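> Model the following, please.
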Amino acid sequence: MATYDPFRDLDRLAMGLFDTRRGPRRMPMDLYRDGDHYVLTADLPGIDPGSVDIDVDGQLLTIRAERTLAAGDGVKWITREREAASFLRQLNLGQGIDTDNIAATYSNGVLSVTIPVSEKAKPRKVEVKTDADTPILTAHENRGETAQADAPRPVEQ
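Here you go, the predicted model:
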């Protein structure tokens, strides 16, 4: 059986009165690198997928989402702890990101954004050559030949 806790109601009232966050809320997120792309996952429970907006402006990634709640015409609320809210998160992507191929999915209240690393930023091997690997070219001057002297000829090696 549930017991009445007056401090819980007082705490909820105080949070409602002193909560100065009337603007967009921050969404909890994780960010990790998996091979040649980054993966951002953000919790957005109860969000209509149509309200999720992801923009890339230069190197700035902005995620916006809106949670709306049904008004419930003629309903007498017993308690209402969930609230309508706007969510906002911005990340500076830095250099080395392929901003043209960023992709996103939304499933079970979790937004997943895949951010690929650009080809230029991926690690690569540089071949080291030695003097022994470089072919030596020699040129010979042809004197006294006919019209074929002006035609291109392979250089003997």
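> pLDDT-wise, which helix or strand of this protein ranks last?
Every helix and strand of the chain was ranked by mean pLDDT, DSSP states H and E. The lowest is helix 6-18, at a mean of 65.
> what's in contact with the following helix or strand past it?
Using DSSP states H and E, the helix or strand that follows helix 6-18 towards the C-terminus is strand 29-34. The set of residues external to strand 29-34 that reach it, using Cβ atoms under 8 Å, 6 or more residues apart in numbering, is 38, 39, 40, 41, 42, 43, 89, 91. All C-beta atoms are positioned from the backbone trio N, CA, C, and that covers glycine.
> So which of the residues you listed wins on neighbours?
The most crowded member of the contacts of strand 29-34 is residue 42, carrying 23 neighbours; neighbours defined as other Cβ atoms under 10 Å.
> tell me which element it is part of?
Going by DSSP H and E, residue 42 is in strand 37-43.
> Which two of the contacts of strand 29-34 have the greatest separation?
38 and 43 (17.6 Å; Cβ to Cβ).
> Give the pairing partners of the strand holding residue 42; include direction for each.
strand 29-34 (antiparallel), strand 110-116 (antiparallel) (DSSP bridges).
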